[in-house]
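K.L.:
Below are the sequence and a predicted model for it; my questions follow.
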Amino acid sequence: MNAKERKPKNWLRLLKNKYVIISTLFLVWMCFLDSNSWLAQKALSDEISRLKAQKKHYQAQIEADKKSLESLRKPDYIERFAREKYYMKKDGEEVFIIRKKEVE
């Protein structure tokens with residue numbers, strides 16, 4: 001027998017080995033079919049990354065709101081805020097609202 005003729009038999013013998021079959025089935029099961037599979041872990045990892053980014057965004061929003069709230073405790077800022085956002089005015093005062101036209 002040549003070495004070329006023995007090789008297919010060696011592979012065939014290796015594929016018929018019960019330990020190789022069981023190990024292959026175990027790896028396929030653990031990587032794709034189990035509830036803690038690699039695919040499930042990848043999805044959970046992506047979800048964690050998304051949630052961390054969302055947490056960072058909301059923390060930045062909280063900091064901005066804290067600064068805004070701190071400035072609203074000053075009486076001068078409250079008056080300015082009310083005039084700009086709600087178009088309020090003092091007694092005996094006239095307010096003219098000028099809006100820019102949108103250019104098409």
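P.N.:
The structure has been received and is ready for your questions. Numbers count the residues shown, from 1 in each chain.

K.L.:
and Glu63, how many neighbours does it have?
P.N.:
10 (other C-beta atoms under 10 Å). (C-beta placed from N, C-alpha, C; glycine too.)

K.L.:
Next SSE downstream of the helix or strand of the chain with the lowest mean pLDDT?
P.N.:
When the helices and strands of the chain are scored by mean pLDDT, DSSP states H and E, helix 3-16 comes last with a mean of 68. Remark: after helix 3-16, the chain's next helix or strand is helix 18-28, criterion DSSP states H and E.

K.L.:
distance between that following helix and the chain's centre?
P.N.:
36 Å (C-alpha atoms, centre = their mean, to the nearest Å).

K.L.:
got the CA positions of that helix in CSV?
P.N.:
This file holds the C-alpha atoms of helix 18-28, laid out as CSV (Å, rounded to 0.1, in the frame of the first residue of the first chain):
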residue,chain,number,x,y,z
LYS,A,18,-16.4,7.7,19.1
TYR,A,19,-14.3,10.3,21.1
VAL,A,20,-13.9,12.5,18.1
ILE,A,21,-17.7,12.3,17.3
ILE,A,22,-18.6,13.0,20.9
SER,A,23,-16.1,15.9,21.1
THR,A,24,-17.4,17.4,17.9
LEU,A,25,-21.0,17.1,19.0
PHE,A,26,-20.1,18.7,22.3
LEU,A,27,-18.4,21.7,20.7
VAL,A,28,-21.3,22.2,18.3
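
K.L.:
any idea how far whichever helix or strand comes after it is from the chain center?
P.N.:
Sequence-wise, the next helix or strand downstream of helix 18-28 (DSSP H and E) is helix 38-71. Between the centre of helix 38-71 and the centre of its host chain there is 8 Å, according to C-alpha atoms, centre = their mean.
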